[in-house]
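Engineer: test case, fold it:
(2 chains)
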Protein chains: 2
Amino acid sequence: MARTASLSGFPEWLPQERLVELHVLDTLRRTFELHGFASIETRAVETVGQLLRKGEIDKEVYGLSRLQDDDDSASKDDAHALALHFDLTVPFARYVVENAGYLAFPFRRYQIQKVWRGERPQEGRAREFTQADIDVVGDGELPFRYDVELALVIAEALSALPIPPFRLRINNRKLAEGFYRGIGLADTAGVLRSIDKLEKVGPEKVAELLQEELGATPEQAKSALELASIRTEDTSFVGQVRALGVQDELLEEGLSELEQVIAAASAAAPGKVVADLSIARGLDYYTGTVYETVLVGHEQLGSICSGGRYDALATKGSRKFPGVGLSIGVTRLVSRILSQELATASRSVPTAVLVTLVDDDSWIAAQKVAAQLRGRGIAVEVAAKADKFGKQIKYADRRGIPFVWFSHADGTHEVKDIRSGEQVGADPASWMPPAADLVPQVVAASA
Amino acid sequence: MARTASLSGFPEWLPQERLVELHVLDTLRRTFELHGFASIETRAVETVGQLLRKGEIDKEVYGLSRLQDDDDSASKDDAHALALHFDLTVPFARYVVENAGYLAFPFRRYQIQKVWRGERPQEGRAREFTQADIDVVGDGELPFRYDVELALVIAEALSALPIPPFRLRINNRKLAEGFYRGIGLADTAGVLRSIDKLEKVGPEKVAELLQEELGATPEQAKSALELASIRTEDTSFVGQVRALGVQDELLEEGLSELEQVIAAASAAAPGKVVADLSIARGLDYYTGTVYETVLVGHEQLGSICSGGRYDALATKGSRKFPGVGLSIGVTRLVSRILSQELATASRSVPTAVLVTLVDDDSWIAAQKVAAQLRGRGIAVEVAAKADKFGKQIKYADRRGIPFVWFSHADGTHEVKDIRSGEQVGADPASWMPPAADLVPQVVAASA
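Structural biologist: Numbers count the residues shown, from 1 in each chain, chains lettered A, B, ... in the order given. All right, here's what the predicted structure looks like:
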């Protein structure tokens, strides 16, 4: 498990590791579908103009060019040139605008795809990685209740994964911006950017930044940091904020929204949700609720699931499509699960049974036995050659196949569990392996 | 369904169309796993040096460069530069060599991923498309029987899809090369390249090519074309080839191999398999069996599934990894299914039930009903607002959700099928929708 990727930042899994990833992906898909989210995929490429519309991440984008294209000089500066998407939100916004006439709003979708960023690779940060996003997007307006619902869906999805306990940290941009405004700091975006650095550089440094870069007084800096220090697992943050004595309409709206999210989410997933008033999230397009998620004991891995409410990510003329969504960092999660062996697959092949050959001519008959077993959902391989039985059994053992099947000349059959050595008579029309052996199980390590 | 992609060659599906694609992908995955193939994915990028190692397709490769990388001039000619993979075979060969120490051979894998080619887009040919590959690779040697097995697996996989009848056309390179050698044509690769053009340019033109470019006599050209004209649904091709009176050891080996494949495959999938001695397949690395597949009535779409035996695609020093594999063109298939409405999804959302709200405060209680239903695998949405019931029902109708749920103040519940209007009492702890409504069904159009 300690292999390094042959290309730094582009992880690849062995078959047994891939089963863990598939388990995570299947679990997420199932949870999302049970909550009525429809699957879509968008193309891997966007025009450079589309990607850079929201600014900020241009450094990390991979541009594309045809290797044999003679005219290879202009494309990089051309807004129509193609580049790989760096998240699934920007492509989704384009998809909604392009297909608005074909979608029923509020449109609920999940999207599980690879994205690419040319960042310096490190643990938890790859250049190619899989994200699993859910969003609900309205046409014109979107009830606030969806902010509450998405917290519940994500808590349920993460709870179903073989990972350590997580904390979903939730804040609200209106609350923070209203508070800053209320204490007289007008550049609320600037304050948010400084507060976003809290975990990295500490409160003293942030206080300095607020005073030097944003002209805050020591008292204003102190108040902003007091707000950011509030963390509660229930709605008691409301009283704590009120105790700071700041009056602002937007602050009140944000307090009320965050209270609703925390009340419902902490009731549905007790101990897993925190109102954390230091959460800022870097991206400019969030306008209300913001979410991020850490694994307890793995905080330095960074957020494994982030998102928020955006009132105008997508627009089509005067038509607005407000939305709320979250994105799970699947590769970041799976890398951690694998590197720390938080969960493992019970075998590396789907195969439950190897049907052996008594002689080379019995291959067709063996295929018929295999087809009967497959008809009941049992994954089966047939030996390719009539080697000695010992060699055929060794083949199964080496591949981690738990059962070998023998068809005898008298028309009877036997199946052997090669782990216990137990061999019993079996009927290809009815035999089933124990449920735990039917398909590979992904099992969380006991904590 | 007549939308055009906003970027030519990069198709995107609507949610209802995506359900058809998901059905195809899920069906293939299930069939492959039932036959013991393990899932792997490789990174989307390879080094240019790796991709061009097998020559030929350099024109179609998309190179990558960081948009903000200052040193942007050298990369295109640099073998270490990165480019998007154009198939899954070359990356798989690299993966096998890199991970040989961790894999149990013969290694059986399936791989379902997007690939990219900068070709001119047309129906059946996209610039971004999904392939589904299966391969078996041995360490040193790989029994011929796998050539037979893969034909059976692919016939089973394709038979499970909502597509028109298909024909799996099979030939053998040894047979063809041995025959050409036997009639005195030494440049067997050259003859194969000419024969490969048969369907496009016709036999007269191919006869000309053989004579002008390869120095064949009219008799040699005639013999080569006679061989290519043989097509049988059973093993009678053997007699037809023998009747041409050519003696060659390699020809005999090829005849025997193709006979085994056709005998087994036509028994397992009668009418779906043809020995077609005109099949050449362009790629140089095939060394024995070659496969391609057409949809009956859609022959101009090209092959939807191709592959073959390769004795040395991957090597590691003196160690060889021979293999046999096939690749299904999923996007080509799905595009055709959608454009001709060969199959459709019964609804566009996973959701089977909308739980309505009698007032805004009942949302938490409605979530509890929803959780009970989801516990039995029923996909449920909860209304976000307590609009009038008519409006809530209209929401379900517009989204294609078949059932709406009402929870009454007296603790009883009712569920209404909004297609029939039938409304009945229901218990959230036990109610199930009819099986056909539980999840969206993908149904083939009656031919």
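Engineer: tell me if the lowest-mean-pLDDT helix or strand in chain A is near chain B.
Structural biologist: Taking mean pLDDT, DSSP states H and E as the measure, chain A has helix A:48-52 as its least confident helix or strand, at a mean of 84. Yes. Helix A:48-52 lies in contact with chain B when judged by Cβ under 8 Å from any Cβ of the partner chain; the contacting residues are A:Val48. Where you see a C-beta, it was placed from the backbone N, CA and C, and this is true even at glycine.
Engineer: got the buried residues for that helix?
Structural biologist: When burial is assessed from 16 or more other Cβ atoms under 10 Å in any protein chain shown, helix A:48-52 yields the following buried residues: A:48, A:50-52.
Engineer: include distance to B:Pro203 when you put the residues you listed into TSV, please.
Structural biologist: What follows is the buried residues of helix A:48-52, written out as TSV (distance: Cβ to Cβ, whole Å):
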residue	distance to B:Pro203
A:Val48	49
A:Gln50	50
A:Leu51	51
A:Leu52	54
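Engineer: just give me the closest of those to chain B.
Structural biologist: Using Cβ to the nearest Cβ, A:Val48 comes nearest to chain B of those, at 7.0 Å.
Engineer: what's the least confident helix or strand of chain A packed up against?
Structural biologist: In this structure, helix A:48-52 packs against strand A:82-84, helix A:89-99, with contacts taken as 3 or more Cβ pairs under 8 Å, 6 or more residues apart in numbering or on different chains; DSSP states H and E.
Engineer: to chain B, which of these lies closest?
Structural biologist: The minimum distance between chain B and the helices and strands packed on helix A:48-52 falls on helix A:89-99, with 5.4 Å, by Cβ to the nearest Cβ.
Engineer: low pLDDT regions in the stretch 1-150 of chain A?
Structural biologist: Within the stretch 1-150 of chain A, the set of residues satisfying pLDDT under 70 comprises A:1-3, A:54-59, A:69-77.
Engineer: what parts of the stretch 101-250 of chain A come near chain B?
Structural biologist: The interface of the stretch 101-250 of chain A toward chain B, taken as Cβ under 8 Å from any Cβ, is made up of A:102-104, A:106, A:108-109, A:114, A:116, A:118, A:128, A:143, A:145-146, A:149, A:152.
Engineer: most neighbours out of the residues you listed, which is it?
Structural biologist: Highest neighbour count within these: A:Arg108, with 27 neighbours (other Cβ atoms under 10 Å in any protein chain shown).
Engineer: against A:Glu33, how distant is that residue?
Structural biologist: 10 Å (Cβ to Cβ, to the nearest Å).
Engineer: which parts of the stretch 301-447 of chain A sit against chain B?
Structural biologist: Taking Cβ under 8 Å from any Cβ as the contact definition, the stretch 301-447 of chain A meets chain B at A:348-351, A:363-364, A:367, A:374, A:377-382, A:384-385, A:398-401, A:439.
Engineer: could you list which of those belong to strands?
Structural biologist: Using DSSP state E, A:380-382 are the members of these that sit in strands.
Engineer: tabulate those in CSV, adding columns for neighbour count and pLDDT.
Structural biologist: Putting those into CSV (neighbours: other Cβ atoms under 10 Å in any protein chain shown; pLDDT from 0 to 100) gives the following:
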residue, neighbour count, pLDDT
A:Val380, 25, 98
A:Glu381, 26, 97
A:Val382, 25, 97
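Engineer: which single one of those residues is nearest to B:Thr89?
Structural biologist: Within these, distances to B:Thr89 taken as Cβ to Cβ reach their minimum at A:Glu381, with 21.9 Å.
Engineer: pretty sure that closest one contacts A:Ile401?
Structural biologist: Yes. Under the criterion of Cβ atoms under 8 Å, A:Glu381 lies in contact with A:Ile401, with a separation of 7.0 Å.
Engineer: all strands for the stretch 251-400 of chain A, in order.
Structural biologist: A:273-276, A:289-295, A:305-316, A:319-329, A:343-345, A:353-355, A:380-382 (DSSP state E, counting those that start in this stretch).
Engineer: er, the stretch 1-150 of chain A I mean
Structural biologist: A:38-39, A:45-47, A:62-66, A:82-84, A:107-116, A:128-137.
Engineer: strands paired with the shortest one, and their directions?
Structural biologist: Based on DSSP bridges, the strands next to strand A:38-39 in the sheet, each with its direction, are strand A:107-116 (parallel).
Engineer: next, the angle from the strand it pairs with to strand B:62-66.
Structural biologist: Using axes from the mean of the first three to the mean of the last three Cα atoms, to 10 degrees, one finds that strand A:107-116 and strand B:62-66 are set 80 degrees apart in direction.
Engineer: tell me, what residue is most central in chain A?
Structural biologist: Ranked by distance to the mean C-alpha position of chain A (Cα atoms, centre = their mean), the top residue is A:Ile328 at 2.3 Å.
Engineer: mind listing what that residue touches?
Structural biologist: Neighbouring residues of A:Ile328 by Cβ atoms under 8 Å, 6 or more residues apart in numbering or on different chains: A:28, A:131-133, A:154, A:157-158, A:304-305.
Engineer: pull up the gap between A:Lys320 and chain B, please.
Structural biologist: Plainly put, A:Lys320 is 17 Å away from chain B if you go by Cβ to the nearest Cβ, to the nearest Å.
Engineer: run a quick neighbour tally on the residue nearest to that residue when sequence neighbours are not counted.
Structural biologist: The shortest distance from A:Lys320 to any residue that is not its chain neighbour, by Cβ to Cβ, 6 or more residues apart in numbering or on different chains, is 5.2 Å, and that residue is A:Ala312. Under the neighbour criterion other Cβ under 10 Å, A:Ala312 is assigned a count of 12.
Engineer: name the element A:Asn171 belongs to?
Structural biologist: Assignment of secondary structure by DSSP states H and E places A:Asn171 within strand A:166-172.
Engineer: paired strands for that strand, with orientation please.
Structural biologist: Looking at strand A:166-172 with DSSP bridges, its paired strands and their directions are strand A:273-276 (parallel), strand A:289-295 (antiparallel).
Engineer: ok, A:Thr31 touching A:Leu161?
Structural biologist: No. A:Thr31 lies out of contact with A:Leu161 (Cβ under 8 Å); the separation is 9.4 Å.
Engineer: before we move on, back to that, so for B:Ile279, which of the strands of the stretch 1-150 of chain A sits nearest?
Structural biologist: Nearest to B:Ile279 among the strands of the stretch 1-150 of chain A is strand A:62-66 (30.2 Å), distances taken as Cβ to Cβ.
Engineer: good, wrapping up.
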